[in-house]
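**Q** predicted model and sequence follow; I will ask about them next.
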Amino acid sequence: MSAGGDLTQTESQYQNMVFVPAGSFIMGDDRFPREAPRREMSTSGFWMDKYLVTNQQYFEFAEQTGYEMPAHWIDGKFPVGHANHPAEVSWVMADAYARHVGKRLPTEAEWEKAARGTDGRLYPWGDDFLSDNCLTWETSSVTGAHSEPVDARPQGASPYGCEQMVGLCEEWCADEYDGYPDSTHYSVGYGKGMRVLRGGSWIFPVTHARASYRCFEEPFLDTIGFGQLGGPGFRCALDEESR
């Protein structure tokens, strides 16, 4: 911290980030072809945003840089009262934001490790689904909630303290979408330049709200329909040695 008590630029990068130590973890799920095979993986140590990037944070980035606003915002402004809700953007927009703040998008392996820890659990909080811990279709279809603040469900945090990693909105990862090593499954999206999405969203049922769930989308995805359909959000990562 600087002598005056203000955070330096480097220190401010790590605000609301959690550290995930180097080591092995269980990745994948053999019950779902695109998530198989279940196997042991390792990552280096890294930092992960505790929360999804918010509308307010993305707005400030776009205002400062002249970068594009989400197409579903009206007159370049997010909905009233949604400043602390996740920014729903394309992969290209998420990547531009991450680079601007000196971070990057997490790899798929990093995202899954941050979400489920080392014990191969199904959900960030354990192996039993708890509807109060995430926003999925089972709740949104009753309440009509299509978004909520990124810190609305601390009880659903992962072993490392990351919140809202399943449900609410899918999250972009750095990787191009392809089959896992040794996978015998074929998906129409493999090898097409698509980018990985993780975590499910409010529009999907509980079957998607798992730490190993994966999907994909085109990186230049048009965001015009996100207000109705629920678009991807994102959080950022940093290498351990960056600090």
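**A** Alright, I've got the coordinates.
**Q** contacting residues around the helix or strand that contains residue 173?
**A** Taking DSSP states H and E as the criterion, residue 173 maps to strand 171-176. Contacting residues not belonging to strand 171-176 are listed as 52, 91, 94-95, 104-108, 110-111, 165, 191, 193-199, 232-235 [Cβ atoms under 8 Å, 6 or more residues apart in numbering]. Where C-beta positions appear, they are placed from N, C-alpha and C, glycine not excepted.
**Q** let's see it as PDB, backbone CA atoms only.
**A** The C-alpha coordinates for strand 171-176 follow below in PDB (Å, rounded to 0.1, in the frame of the first residue of the first chain):
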ATOM      1  CA  GLU A 171     -18.900 -17.700 -17.900                       C
ATOM      2  CA  TRP A 172     -16.300 -17.300 -20.600                       C
ATOM      3  CA  CYS A 173     -13.000 -19.100 -20.500                       C
ATOM      4  CA  ALA A 174      -9.900 -18.500 -22.500                       C
ATOM      5  CA  ASP A 175      -9.800 -21.900 -24.300                       C
ATOM      6  CA  GLU A 176     -11.100 -22.800 -27.700                       C
END
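**Q** quick one: distance of that strand to the chain centre.
**A** How far strand 171-176 lies from its chain's middle: 9 Å, per Cα atoms, centre = their mean, to the nearest Å.
**Q** could you do stretch 161-171 as well?
**A** Distance, centroid of stretch 161-171 to centroid of chain: 6 Å (Cα atoms, centre = their mean).
**Q** partners of the residue most central in space within the chain in the sheet?
**A** Geometric centre of the chain, nearest residue: residue 171, 3.2 Å, by Cα atoms, centre = their mean. According to DSSP bridges, the residues that bridge with residue 171 are residue 198, residue 233.
**Q** could you report the neighbour count for residue 177?
**A** Counted with other Cβ atoms under 10 Å, residues neighbouring residue 177 total 21.
**Q** start the count at 570, not 1, going forward
**A** All set: I'll call the first residue 570, so the last point we hit is now residue 746.
**Q** three-state assignment of the nearest residue to it once chain neighbours are set aside?
**A** Of all residues not flanking residue 746 in the chain, residue 785 sits nearest, at 3.7 Å (Cβ to Cβ, 6 or more residues apart in numbering). Counting by DSSP: H, G, I helix; E, B strand; the rest coil, the backbone at residue 785 sits in strand.
**Q** got the contact list for residue 785?
**A** Counted by Cβ under 8 Å, 6+ apart, residue 785 has contacts 746, 756, 758, 763-766.
**Q** ok, back up a step: distance of the residue nearest to the centre of the chain from residue 649?
**A** Remark: distance between residue 740 and residue 649 (Cβ to Cβ, to the nearest Å) = 25 Å.
**Q** and the buried ones among the contacts of strand 740-745, selectable in PyMOL?
**A** Buried subset of the contacts of strand 740-745, written as a PyMOL selection, criterion 16 or more other Cβ atoms under 10 Å:
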select buried, resi 621+660+663+664+673+674+675+676+677+679+680+734+763+764+765+766+767+768+801+802+803+804
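**Q** could you check how far residue 582 is from residue 732?
**A** Residue 582 sits 19 Å away from residue 732, going by Cβ to Cβ.
**Q** would you map the strands across this structure?
**A** Per DSSP state E, the chain carries strands over the ranges 586-589, 592-596, 608-612, 615-618, 740-745, 764-767, 783-786, 806-808.
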